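Chemist: Curious how this folds, go ahead:
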Amino acid sequence: MLAIYKKELRSYFTSMVGWIFIAFFLFFAGLYFMIYCLLNGVVNFSYVYQGIEMFFVLLLVPVLTMRVVAEENRQKTDQLLYTAPVSLEKIMIGKYLALLTLFGAAMVVVSTYPLLLSHLVNKVSTGTESVDYAIAYGSTIGFFLLGAAYIAMGMFISSLTESQVIAAVSSGLIMIFTYLMSGIASILPTGHAFHFSCLAVLIVVLCIGLYFWIHNGYLAVLIGIISEAVLTVLYFLFTSQFDSLLVNVLNHISIVERYNDFTLGIFNVSALVYYISVSFLFLFLTIQRIKKKRYN
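Modeler: Residues are numbered from 1 along each chain as shown. Predicted coordinates for the structure are as follows:
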């Protein structure tokens, strides 16, 4: 695994991908640092991360992860993964850790900004205003965990296609949906009939996806029928519980929502477990996707 990690990390710095990612990340971080902290005198450093979230999710992560598996699929070098002396799990973990290291290198540079801001505040401030390091570095840790989850998600999406462009566009669209999930939830109707209908449609969509995953139409239809039947029974038994059900679910699973506690200087252990779980889940799905291609 260590050899894979070193190889992947070296490839990012011997090509333009790693340098472009770091350059754009530092550009956006520096831009919002200047706008919020230097020009407007804001000492809350979490505003910098909130400013770059949209660009990070919509642009930087998709570009960073689009080639990690899709390029192997396109060049048919993915066949080498099946016969490599290293297990597939170690190869994917090595690739993922290389991506995290690249992202972490950019975060290390940005983590020096609060120190710079504190130095400037101490020189020009005549009041009691100062940089809150708990907020500054709490949001730094939270943003790194947020990025780790999105990178794992991008790896999985990259494993689904042979085209880097499709992988980048798909990642951007899916990630921006997760980024706006809480906002979308706030405008949804709260009636139980609406949420029942949405869940019924969601089951159909998931069963269609299951069919393309396992290529077994009978099993996909059977699972769909059973799921719809269970949903209908639950709806008639617990109708009132379906009020705002989808809204509550979207708020609960929102990736960005868990980040908010870190911006307040609160180290939320449940959020830490959540981000690690999301990263593990998508890394696991990536491995299973590649294994499925080998068996086919």
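Chemist: In CSV, could you pull the C-alpha coordinates for stretch 13-26?
Modeler: As requested, C-alpha coordinates have been extracted for stretch 13-26 and formatted as CSV (Å, rounded to 0.1, in the frame of the first residue of the first chain):
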residue,chain,number,x,y,z
PHE,A,13,3.4,16.5,-8.3
THR,A,14,5.0,15.4,-11.6
SER,A,15,1.9,16.4,-13.6
MET,A,16,-0.1,19.5,-13.5
VAL,A,17,-3.1,18.1,-11.6
GLY,A,18,-1.7,18.4,-8.1
TRP,A,19,-0.2,21.9,-8.7
ILE,A,20,-3.4,23.2,-10.3
PHE,A,21,-5.5,21.9,-7.4
ILE,A,22,-3.3,23.5,-4.8
ALA,A,23,-2.9,26.8,-6.8
PHE,A,24,-6.7,27.2,-7.2
PHE,A,25,-7.4,26.2,-3.7
LEU,A,26,-4.9,28.7,-2.3
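Chemist: Just the buried residues of that stretch, please?
Modeler: Of the residues in stretch 13-26, those scored as buried under the neighbour-count criterion (16 or more other Cβ atoms under 10 Å) are 17-18, 21-22, 24-25. In short, each C-beta sits where N, CA and C put it, glycine included.
Chemist: what's the lowest-pLDDT member of the residues you listed?
Modeler: pLDDT is lowest at Val17 among the buried residues of stretch 13-26; the value there is 84.
Chemist: Quickly find the element holding it.
Modeler: Following DSSP states H and E, one finds Val17 within helix 16-32.
Chemist: Report all helices and strands that that helix contacts.
Modeler: Using 3 or more Cβ pairs under 8 Å, 6 or more residues apart in numbering; DSSP states H and E as the contact test, the elements touching helix 16-32 are helix 2-14, helix 46-55, helix 61-65, helix 88-110.
Chemist: and with 7 Å instead?
Modeler: helix 46-55, helix 88-110 (3 or more Cβ pairs under 7 Å, 6 or more residues apart in numbering; DSSP states H and E).
Chemist: Output these as TSV; include the columns distance to Asp261, mean neighbour count and mean pLDDT.
Modeler: As requested, these are exported to TSV (distance: least, Cβ to Cβ, whole Å; neighbours: other Cβ atoms under 10 Å; pLDDT from 0 to 100):
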stretch	distance to Asp261	mean neighbour count	mean pLDDT
helix 46-55	11	19	90
helix 88-110	18	19	91
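Chemist: Run through the helices of the stretch 101-250 of the chain in chain order.
Modeler: Taking DSSP state H, counting those that start in this stretch, the helices of the stretch 101-250 of the chain run over residues 113-124, 133-158, 164-179, 181-186, 192-214, 217-237, 245-253.
Chemist: deepest of those helices, which one?
Modeler: Scoring those by mean neighbour count under mean count of other Cβ atoms under 10 Å gives helix 133-158 as the most buried, with a mean of 23.
Chemist: Now find how far off-centre it is within its chain.
Modeler: Using Cα atoms, centre = their mean, to the nearest Å, we find the averaged C-alpha position of helix 133-158 to lie 7 Å away from the chain's own average C-alpha position.
Chemist: about what we covered before: out of the buried residues of stretch 13-26, which comes closest to Glu162?
Modeler: Distance from Glu162 was checked for each of these by Cβ to Cβ. The minimum falls on Val17, at 17.9 Å.
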